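Asks: need a 3D model of the sequence below.
(2 chains)
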Amino acid sequence: MRELLAVEGALTPLSSKTHITYQLYIPEGIDVLEIEFAYDPKTLDDKEASKPLIEEAIRKYVDPALQGVYSRQWDKFHPLQNLLTLSVDDPHGFRGSAHRHPNHQRHILSLHAASPGFFAGQVGEGVWKVTISVHCVVTQECRYRLRIGEGGESHEMASV
Amino acid sequence: MKWLPFELHTHTPHSDGTHTLLEMCRKAKELGLSGIALTDHNTTSGMVDAASVTEETGIAVIPGLEWTTFYGHMLTLGVPYSEWRDLGPTDIHKGIDRVHEQGGIVGIAHPFSLGSPICTGCHWEYAVQDWNQIDYMEVWHETLPPMRNHNAPAFETWTRLLNEGYRISGTAGRDWHRTSDEDDPPAFTYLGLKHENGLPGTEDVVDAIRSGRICVSMGSLLELQITCGEDRYGLGEVIDVKSAGAEASCELKLQVIPSAHPGSQTGSNDPGRIIIIETNAGEMLRRPVNEGTDEIRYSFSPEGLKWMRIRLSGMLNGALTTLAFTNPIYFEGAAS
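Replies: Below is the predicted model:
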């Protein structure tokens, strides 16, 4: 198992609506690329902390005539969620993305198969980009971990 | 013209949908749909199964994508992935150009859904400098769309843009992520397809949406034709009033065709159906209608008209609501 990238970082609500891109050189001779990505926590469980955030969104996005109705049912939107998504560019361009909600994911890319969201094809030598799109961070801190390595023999198309 | 029902907004496990393309298309067939647009979030990788799924189910699968960005969700149809990660809230036209240059079309998805932090990007917040570049707008979103709160401002915004002279198509999109037995009834987006034979292809579907040959409905199909001078016009077409003659009088002919689709929740014998002719100048006519049997004919002057649309009102789940609406027929050169 050859490790090619292992990074982690901490995000705050101010990180929302930003992209974090890692550019890395993938050497020749890799058949299967494996990407592990995780972030925690997933939800803002503190109900009192989420109430003003939800109320603000209701004021901003709901027709004034209906704001009262929505505000009375604000807890239907609880818990708010952190959402980070992953996308990959190989040296030739876009190679797929995994826009989904689970906060622990594992993706595999190879010549003949790829995890859902990604395109199968050669794991070509050159500079690749892996982008974390930070759609929303609602918790005071959200830590992510990204690990890229040469995949094993199992070719398991896992994507949780 | 062949009118076929499509579902234009769908997801599979290639993004956050729970049913596979095959499972979804089997269900689409049960509902009576002819095709779907596959619009997974930020990827088109799900199209890898499309040919075999179409062969098995007979459901056409059109390549699309839902641009799931921080400032809005934009549906793109007929093109592969186009880059969005470098665009800020004032850059939408740069993104739209990328889709148009490849021959695709763009549509605003659920423009009035709740935005961040409830659903980042779900509310349309891009600054649109030129509405002529927006090909369509999803004015009915989710199942049972006429009864969803966020669809009311979407429909009003569409109408306001039509009044301002923009020719934007109006569509429905279920935003189909999963299927269960308790699902509310969906709407059907009937597309007017020029090729009458075989399954419609991507270009046929893109052309029908771009051209506004669309009737959106909870069941029945509204068939409309306008005769002006010597010529006949259908949905999405532009009537040049000057060439029709200075004293032009137009006549419309309209029928409500009962739904042949098992997914439809509106029965053809329900009472209280009313046809409403809407224009930029306001409502022109309201008349009770019997599905299948009545043919409504109505003569009018095109003076002051920019567009005309038909709406069918009636009972749905015990409430009076809009059951169907057409896209407009447009008028050009009319004195106002």
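Asks: give the contact list for the residue in chain B positioned nearest to chain A.
Replies: Residue of chain B nearest chain A, by CB to the nearest CB: B:His41 (3.5 Å). (C-beta placed from N, C-alpha, C; glycine too.) Counting by CB atoms under 8 Å, 6 or more residues apart in numbering or on different chains, B:His41 touches A:85, A:97, A:99-100, B:11, B:15-16, B:65-66, B:68.
Asks: those residues in strands, which ones?
Replies: In strands, defined here by DSSP state E, the members of the contacts of B:His41 are A:85, A:97, B:65-66, B:68.
Asks: who wins on neighbours among those?
Replies: B:Leu65 (29 neighbours; other CB atoms under 10 Å in any protein chain shown).
Asks: identify the residues contacting that residue.
Replies: Residues in contact with B:Leu65, defined by CB under 8 Å, 6+ apart, are B:39-44, B:75-76, B:79-82.
Asks: do A:Trp128 as well
Replies: A:23-26, A:88-91, A:95.
Asks: give me the distance between A:Phe77 and chain B.
Replies: 5 Å (CB to the nearest CB, to the nearest Å).
Asks: A:Ala6 too?
Replies: Separation of A:Ala6 from chain B (CB to the nearest CB) stands at 23 Å.
Asks: tally of neighbours for the spatially closest residue to that residue that is not a sequence neighbour?
Replies: What sits nearest to A:Ala6 in space, not counting adjacent residues and going by CB to CB, 6 or more residues apart in numbering or on different chains, is A:Arg147, at 4.8 Å. When counting by other CB under 10 Å, one arrives at 16 neighbours for A:Arg147.
Asks: again, but for B:Leu305
Replies: B:Leu305 has 23 nearby residues by other CB under 10 Å.
Asks: so it sits right up against B:Gly282, yeah?
Replies: No. Using CB atoms under 8 Å, B:Leu305 is not in contact with B:Gly282, being 10.7 Å away.
Asks: what's the ChimeraX line that selects buried ones from the contacts of A:Trp128?
Replies: Applying 16 or more other CB atoms under 10 Å in any protein chain shown to those leaves a buried subset, and the ChimeraX line that selects it is:
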select /A:26,88,89,90,95
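Asks: possible to save the contacts of A:Trp128 as a markdown table with distance to B:Leu191, secondary structure and pLDDT?
Replies: Converted to a markdown table, the contacts of A:Trp128 look like this (distance: CB to CB, whole Å; DSSP: H, G, I helix; E, B strand; the rest coil; pLDDT from 0 to 100):
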| residue | distance to B:Leu191 | secondary structure | pLDDT |
| --- | --- | --- | --- |
| A:Gln23 | 43 | strand | 98 |
| A:Leu24 | 45 | strand | 97 |
| A:Tyr25 | 47 | strand | 97 |
| A:Ile26 | 43 | strand | 97 |
| A:Val88 | 34 | strand | 98 |
| A:Asp89 | 34 | strand | 98 |
| A:Asp90 | 36 | strand | 98 |
| A:Pro91 | 39 | coil | 98 |
| A:Arg95 | 32 | strand | 98 |
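Asks: name the residue closest to the centre of the chain, please.
Replies: Let's take chain A. By CA atoms, centre = their mean, the mean C-alpha position of chain A lies nearest to A:Thr85, the distance being 2.3 Å.
Asks: ok, now how distant is it from B:Cys215?
Replies: 36 Å (CB to CB, to the nearest Å).
Asks: repeat that for B:Leu316.
Replies: From B:Leu316 to B:Cys215 the distance is 16 Å (CB to CB).
Asks: looking at those two, which is more packed in?
Replies: Neighbours were tallied for B:Leu316 and for B:Cys215 using other CB under 10 Å; the higher tally belongs to B:Cys215 (24 against 19).
Asks: just checking, that one touches B:Leu323?
Replies: No. Using CB under 8 Å, B:Cys215 is not in contact with B:Leu323, being 11.1 Å away.
Asks: how many other residues sit next to whichever residue of chain A sits closest to chain B?
Replies: Chain B sits closest to A:His99 of chain A, with a gap of 3.5 Å, by CB to the nearest CB. Using other CB under 10 Å, A:His99 has 21 neighbouring residues.
Asks: please name the nearest non-neighbouring residue to it.
Replies: A:His99 sits nearest to B:His41 (CB to CB, 6+ apart), 3.5 Å away.
Asks: now that neighbour: how far from B:Trp140?
Replies: Separation of B:His41 from B:Trp140 (CB to CB) stands at 20 Å.
Asks: same check on B:Glu83?
Replies: Separation of B:Glu83 from B:Trp140 (CB to CB) stands at 29 Å.
Asks: same check, this time on B:Tyr81
Replies: 26 Å.
Asks: so which of the two has more stuff around it?
Replies: B:Trp140 (27 against 20).
Asks: that one should be in a helix, yeah?
Replies: No. Applying DSSP: H, G, I helix; E, B strand; the rest coil, one finds B:Trp140 to be strand, outside a helix.
Asks: residues in contact with it?
Replies: B:146, B:151, B:154-155, B:170-173, B:187, B:216.
Asks: what do you get for B:Val106?
Replies: Counting by CB under 8 Å, 6+ apart, B:Val106 has contacts B:74-77, B:96, B:99-100, B:133-136.
Asks: mind putting these into CSV with distance to chain A?
Replies: Converted to CSV, the contacts of B:Val106 look like this (distance: CB to the nearest CB, whole Å):
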residue, distance to chain A
B:Met74, 14
B:Leu75, 14
B:Thr76, 13
B:Leu77, 18
B:Ile96, 18
B:Val99, 14
B:His100, 18
B:Gln133, 23
B:Ile134, 20
B:Asp135, 22
B:Tyr136, 22
